[in-house]
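Novice: fold the stuff below for me.
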Amino acid sequence: MSVLHVENISAAYRRNTVLKNVSFTVEKGSLTGIVGPNGAGKSTLIKTLLNLHPPLNGQVYFFDSSLKRQKSRVGYVPQRGSVDWDFPTNALDVVLMGLYRRIGWLKWPKKKHKEKAMDALRKVGMEGYAKRQISQLSGGQQQRVFLARALVQDADLYFMDEPFAGVDAATERAIMTILKQLRADGKTVLVVHHDLQTVKDYFDHVLFLNKTIIAHGKTEEIFTASNITKAYGGAVHIIKEEALVDGDSSVD
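Specialist: All right, here's what the predicted structure looks like:
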């Protein structure tokens, strides 16, 4: 059974096609980096798979079923820039939002729910900021809180849209430690990522996207100069030879 199976998904904004006949399958326990140039449709892909943006055509299967039936098994961390950080709430309440399906709407969280939320904050190093208003947190701290909200769901499949954007090096390392632990626990994670230099260190699978699938598979096999050129149209320069599988740094 695949965790995620996508068949011929297409999507558009107004009359501009941003995804065209995208198909791929993700197996359990993988940590996949979704990479491609600006405007390649990476964020739109995640939103379309999660029914946050309407597809033009295609089918998506979560655990061989529909998202509606498997929604409790799916977690999502949106781009930090898409969140209203001025909303008057604290870090603990943000994490508790990830438990609303268990708590029930219009019901107060119980002690066990708060303990679970605090444990999630502890995992991301934010337990000391539980009562802090989210507007008072730094960008990296806000990202950690949203990661905690996803963790508290205890999902089997996670989507993360540029979790490293605008965070400091310490936060990036902390997030990667958590993502690798999720993989070790048998969870499956897909991450929209923009830094080609860290792909080999961070992900065991990579998906090259530029409106359609350029290549998808194990990083050691797929992360090549040839596929980078195909995805980015030659408009990228790899500084370090070791960033590539085949050692060819002549991509410019």
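Novice: any regions of the stretch 101-250 of the chain where pLDDT drops low?
Specialist: The model of the stretch 101-250 of the chain has pLDDT under 70 over residues 102-107, 234-250.
Novice: strands of that one, start to end?
Specialist: 157-161, 188-192, 205-209, 213-218 (DSSP state E, counting those that start in this stretch).
Novice: excluding chain neighbours, what is closest to H113?
Specialist: L99 (5.3 Å; CB to CB, 6 or more residues apart in numbering). (Glycine included, C-beta is placed from N, CA and C.)
Novice: ok, now I46?
Specialist: I46's closest residue in space is F159 (CB to CB, 6+ apart), at 4.9 Å.
Novice: what is the burial count for the one you found?
Specialist: As a burial measure, F159 scores 23 neighbours (other CB atoms under 10 Å).
Novice: returning to what we had before: could I get the strands of the stretch 101-250 of the chain as CSV with distance to K112?
Specialist: Output for the strands of the stretch 101-250 of the chain, formatted as CSV (distance: least, CB to CB, whole Å):
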stretch, distance to K112
strand 157-161, 23
strand 188-192, 26
strand 205-209, 36
strand 213-218, 40
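Novice: what about the helices in the stretch 1-150 of the chain?
Specialist: Residue ranges of the helices in the stretch 1-150 of the chain, as given by DSSP state H, counting those that start in this stretch, are 42-49, 67-70, 91-96, 100-103, 111-123, 139-151.
Novice: and the fifth one, what does it pack onto?
Specialist: In other words, helix 111-123. helix 91-96, helix 139-151 (3 or more CB pairs under 8 Å, 6 or more residues apart in numbering; DSSP states H and E).
Novice: separation between the residue nearest to I46 and R14?
Specialist: 24 Å (CB to CB, to the nearest Å).
Novice: isn't the residue nearest to I46 right up against N51?
Specialist: No. Contact criterion CB atoms under 8 Å: F159 and N51 do not qualify, at 12.0 Å.
Novice: ok, longest helix in this structure?
Specialist: Longest helix in the chain, counting residues (DSSP state H): helix 169-184.
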